Each structure stands twice: as C-alpha cells, then as structure tokens.
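Q: got a predicted model here, sequence first, then my questions.
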Amino acid sequence: MAIPAEVKQLSSELRTQLQEHNYRYYVLDDPSVPDAEYDRLFRELQALEAQYPELITPDSPTQRVGAEPLASFGQVRHTVPMLSLANAFAESEVLAFNRRICERLQKAGLQHAGIDYACEPKLDGLAVSILYIDGSLHQAATRGDGATGEDITQNVRTIPAVPLHLRGSDFPPVLEVRGEVYMPKAGFAALNQRAEQRGEKIFANPRNAAAGSLRQLDPKITATRPLAIFCYGIGQVDDMFAMPERHSELLACLKAWGLPVCPENKVVNGEQECLDFYAKLAQKRAQLPYEIDGVVYKVDRFDWQQTLGFVSRAPRWAVAHKFPAQEEMTQLVDVEFQVGRTGVLTPVARLQPVFVGGVTVSNATLHNMDEIARKDVRIGDTVIVRRAGDVIPEVVSSIKEKRPKNSREIVLPTQCPVCGSDVIRAEGEAAARCSGGLFCEAQRKEAIKHFASRKAMDIEGLGDKIVEQLVDEGLIRDVADIFVLRGSQLAALERMGDKSAENLVQAIAQSKQTTLARFLFALGIREVGEATAKNLSEHYGGLAAIMQADVEMLQTVSDVGPVVAQHIVAFFRQTHNQEVIAKLQAAGVQWEECDPAQKTVGPQPLDGQTYVLTGTLSSMTRDEAKAKLQALGAKVAGSVSKKTSAVVAGAEAGSKLTKAQDLGVDVLDEEAFLALLDKLSS
Ligand code: IVH
C-alpha cells in the first residue's frame, strides 16, 4: 500500500518531536511537556506505524525493544582501545600527577604551569562504547579487556537516555561515543525492593545491578531495568571531522548531538582548583542521584593530551582521584547489645579497627536479630563493613568462605545487659526490648538525652556525655532533677569549668519556658514524634485534656491510630510519669495553653467519624480541608477502609475513589463537601 505523503510527513514530525522531548528530558534535564503528552505523541506514532509498517525505521523511538533473546553475545573489536585510568588516593599523588605533566610539557617546549583540567565525577557504572553511523545507533559494546568487548547493542538500545539517532546535522558520519552506563540510586532501591518482594536475587550495589542488567541475553529484561548514561569521550571518529581543540568543547558537542553529559563537569585551572573541585564533590556526593567513587582530572587541551601520550594502558594526561572506599573487610570480634531510649536492644558489632569511608571504624550496627539471621553473621566471621557519608557504619554481610571453625552464633540475651530485667520480643516485631522501663539506667540516660535535645526542650550544653556523667554520679535520676541542679554540682564534673557550669544553669532556666508540643515530644512517649506531638498540642490546647483522653478520643487527632493512642494512654497512666510531670511543673516548666473552654466545647458534629481526602479541590488546599474537618471533630485518614465515614473526592481523584466506590463508602464531591461544611459550621 502506498503511504500517503501527509502520513509520511506526520510520522517524521512525530519522531522529531519525540526526539526533541527526549533531548530536553534526558540531556537538558528541562522537560517542556508533561509525561502524558509524551505518551500521547508516542502512541500516535505507534498507531501510524502499525497501520503502515513500511514507515518503521530502526531508529524510530518506538523501536527500542524488539529483538529476540540472544544465545550468546557477539564480540566487538575496539578500533581505538578502551583504556583505563591511573588512580590517585592521596592529595600528594594528585600534586605529583600535575608536576609530571608540567615537566613533560615544559620539556616539549610548551607551557608548564596553570594547566586547564576538565574535572568530572568518576561514575560508578560500566564503560560502554556506542557507534553511530550517519547519526543512527549502529552498535554498542562493553569495554571487555579494552581491545575486544561484547556486543550489547540490543540492550543499550533499551536505555531511554541513549538516543537512537543524533540531533542536528553537524555530527561526524562515523562517531564512536564512550560513556558510563549506571543505575540511579532511586531506581536501584526500587529494583531491589521489587526483587525482595518476589524473592528474587538482591543486587549488592547499583554498579552490579547495572552490569547484571546489561549482561542480559534478553533485551526485554534489560528494558525493565532503570538504566541511564553519561558520556565522557569518544573513540573512533571520521577522519574528515574537524575535532574541537578541547575536551570540554567536545563534551559540549556531544550534548548538542543529544547525548547526556554529566552536569557536574567543570573546567578548572591548576592543581589547587582540582583539589577544591574534589572537596566540593565529596560534600555533594551523598545528595547526587547516582553513585560516584571519585573525580577524574583530564588535561583539557587535546594537543597537549597528544604530546603527553600513554603509559602502559592508561593515559598520562588523566588520573582518577578516588574517594576513600566506603566498604572494607574486617573481623567481627564480638557483639554487644546497646539499650536505647524505648528499651530496644541493638546488636553492635565490635570490629577489628578498619579504615573505611575516611575514618577508622571499630563499632558497627547489626540492626536487629532478623538482620543477623538474614545476613548469616557469626562472631569470628570476616565481614564487610560499610560507612557511607554520615550514615552510621553497618555490617553489610559476612564472607562465608572465610568463616573460621570456631565461629560463634550471636545470641539475644534473655536479661537486659544494663539492668538485668527480662528481655521481651513482641510477636511480629523485629525489635527486642528491655522490660525495665525507667528502672533501667540505659533507658533513663537515653530518655534524659532525648528530653534535653534540640527539637525537644533544647537545653544548650546538656549533651550526651554530660547526661551520662550526671546519671553515673547519681546527681539526676529523672528529667525533673535537671531543674534542681546547682552550678557548684555541675562545676565539679569532669572537664566542666565554672563558666560552662554557669552557662548550663542559665540554659536550663531558659528552657523552662517552652511550648506544649516540645514538652510532649520531650517526654519521649513511644511513637510520639515531633509531628504527632504538634497535632496533639493543636487538637487539645492543654496538657490536662491529653492526660485525661482515652484511646477512642485520642484517635480523633490527626495521624493518631490505635497503637499510638494506646502508648499515650499507657504513658500517662503510670504514676511515675504523673509524678515527674508534676515535679517538672512545680520546678517552673511552663507553656502557653490555649483556652481550654474553646477546645472542649462539648461534642463536635463529626466526632467519631473518619474522612479521607483525595484528588484536588479548587476552593482550598488539602491541608485546609483537613483542618476544617478536624475542627468539626472528624479524624482524617490516609487510606480508605470499611470504617471510613466518607471520602471527599476532588478533581482527578484516583484509586482511593475507586476503593470507596467498591466498598460502598459515601463519596462527596467538592460541592457537597462545601455544603456540608457550611451546614455544620453555622
Ligand atoms: S575517561 C582514557 N571519564 O573509569 C580515559 N572514565 O578506570 C578513559 N569512568 O573504564 C576513561 N567515570 O568506566 C573516564 N568521567 C569519566 C569516568 C570514567 C567513570 C570509568 C570508565 C573507565 C574507568 C577507567
């Protein structure tokens, strides 16, 4: 069937538009249309191609996944070898690298100081080479041994950020692009979560996940993996092509041709600016959406790169300045159990000290007994320890092959190691707890530390170490004792001068004037975090009402469910807690209460009812709607169940509306909701 000219025209326009949207999304990180619009154009092109299959070109955006699974990968010889980089770990090695370059250039009669370096993150993925012929993706390969790699064309085609056709018209007819395929951190987490739910293999890190995904013989599997790419160079290129003079200019060309280039790249001058770039990137590392393991410095001028040349299999003009490793191997010497504020026992690994993530680590968390079982860790094992950024070091896994014969099982103690009370493990809970409550010195210390902390009573200068000393010396037993401490008692503490003691006395006095929300949070009631404390304070306005509320009533407070409500009631029922609160108030701890008369104006019209909000309301925000419902006594929940009284459904309501309809729960549209508010508020 002959294809009408206007259909040809339309399909070509659609392809150009889709390519442009991809470019804005993946290369410029600045999409100009919502995803839905992209999907609409995509489906329109798919429909045309289905009707006129002759329209299909291999580089049509609809043709990413198509090929059948392979029996094995073919081999690809790299016309220009894929080299590796020399590593530098210490600053001195970077300085030596720069010095060598300056000297060589000087010998060659070229400039010798203040070299321009292109600085780039060292991406933690895997190197690929992608060959474009006349702008169309022709072949893609792994690095392999540098001379020969594997043909992964079908898999690379499935990566949405890899253009199937280059933009514009000034690209060389033969262009081999080199870059790093990686898996963004978020995609990696989602992939592993999915794998865990399905009982499939968990990947150790994003790099392994990216490598495993590219090594699939079935491209349909690769297509489901969240892969991305950043390009950092070229290999083979057409002879006729007028190369730019600098690496940074080449990267700008790659970008203009539609290839993603890392946005963190920057040209700097001289060694010191390289080190500054490294320090800044190290700071930023944890926030980046992808893993990096260092910085690559490259001499920016291509003519100088050529003069410098190569040594063995790495260029003299570049070096990878690595970050300290975040994972190391060491021996698990023993396990101790630490008792937290709510009595939770956390197994802590005592390790043969090891340098990891830039510091020496001798303790690492093992989280809980379930984690120990899952990771199959025993005392005496060689383990992998991870310390990333400011995160608490953790034992990631044990190396079974290195397990000694005399390794010992880690056993949960039956008695609290601090106070000797029974250790209880509630059914269905991963945590084991000491049942000693505030009788347990460990729990008492943690409770006091929490009480004094910044988001609670904010007592400046009353840090963890001082609390420990005060409890050890028997100067305080509970949080109320803080307010009767004398300057002379504090000054007598180790490492505490008169001036600091005086400052602390003042900070304690100042903290007495607080807010109800802070005070509630400071009490350390189980599951009552900052947000819940704030909700309770806003709902009741005063402490007495909260102390008197029962489990039912408490559940009318936003975000308070049956478990939290029970913890609150249990806390205030304890005589010990009532006494401490009375002591605190007697010592002068105070806050402004809202007029209780206003807060307890008898029953509210929506008492005992639970509403769910979904979709967008045109007349108010969701928070405003929530506040209005709560003011009328209703509880506002996040999900629909049989117990939901009604669902308020604004525009574009989704699954919650469907669920309400399925369960036969009342649904109010915006108009009906406004009418209800009107009726009940008057
Ligand atoms: S340039 C001749 N730039 O590091 C220079 N490599 O050890 C070749 N890598 O196989 C590579 N980020 O997988 C370069 N910005 C970057 C890089 C980078 C990561 C990897 C790449 C390469 C290995 C070299």
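A: Perfect, thanks for sending it. Numbers count the residues shown, from 1 in each chain.
Q: going forward, measure contacts between C-alpha atoms and count neighbours the same way
A: OK.
Q: lowest average confidence across helices and strands of this protein, where is it?
A: The weakest-scoring helix or strand in the chain, judged by mean pLDDT, DSSP states H and E, is helix 596-599 (a mean of 52).
Q: which stretches in the stretch 251-400 of the chain count as strands?
A: 266-269, 292-299, 310-311, 314-315, 318-322, 327-339, 345-356, 359-365, 382-386, 394-398 (DSSP state E, counting those that start in this stretch).
Q: quick one: list the elements packing against the last one.
A: Packed against strand 394-398 by the contact rule (3 or more C-alpha pairs under 8 Å, 6 or more residues apart in numbering; DSSP states H and E) you find strand 359-365, helix 369-375, strand 382-386.
Q: most packed of the ones you listed?
A: strand 382-386 (a mean of 23; mean count of other C-alpha atoms under 10 Å).
Q: for the protein, give me the ranges with low pLDDT.
A: Scanning the chain with the threshold set as pLDDT under 70 gives 1, 67, 389-390, 595-602, 682.
Q: near the ligand, which residues of it?
A: By C-alpha under 6 Å from any ligand atom, the residues of the chain that approach the ligand are 83-85, 120-124, 126-127, 180, 232, 296, 315.
Q: the same query, at a cut-off of 8 Å, please.
A: 82-87, 119-128, 143, 179-180, 231-233, 292, 295-296, 314-315, 318, 320 (C-alpha under 8 Å from any ligand atom).
Q: circling back to that earlier point, just send the helices and strands packed on strand 394-398 back as CSV, with distance to L175 too.
A: Formatted as CSV, those follow (distance: least, C-alpha to C-alpha, whole Å):
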stretch, distance to L175
strand 359-365, 44
helix 369-375, 47
strand 382-386, 40
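Q: for H567, find the nearest of these.
A: The closest of the helices and strands packed on strand 394-398 to H567 is helix 369-375. By C-alpha to C-alpha, the value is 24.1 Å.
Q: and the closest one, what does it pack onto?
A: strand 394-398.
Q: who touches the next helix or strand after the strand it packs on?
A: As assigned by DSSP states H and E, the chain's next helix or strand after strand 394-398 is strand 423-424. With contact meaning C-alpha atoms under 8 Å, 6 or more residues apart in numbering, strand 423-424 is reached by 413-416, 432-435.
Q: secondary structure element holding L18?
A: Going by DSSP H and E, L18 is part of helix 5-22.
Q: how close does E429 get to V344?
A: Distance of E429 to V344, computed by C-alpha to C-alpha, to the nearest Å: 11 Å.
Q: more neighbours, those two?
A: V344 (22 against 8; other C-alpha atoms under 10 Å).
Q: ok, and the closest non-adjacent residue to that one?
A: Excluding the flanking residues, the one nearest V344 by C-alpha to C-alpha, 6 or more residues apart in numbering is R433, at 4.3 Å.
Q: beta partners for the one you found?
A: V344, I424 (DSSP bridges).
Q: you'd agree it is up against G343?
A: Yes - the criterion here is C-alpha atoms under 8 Å, and R433 meets it with G343 at 4.9 Å.
Q: which neighbours do these two share?
A: Among the neighbours of R433, none is also in contact with G343 (C-alpha under 8 Å, 6+ apart).
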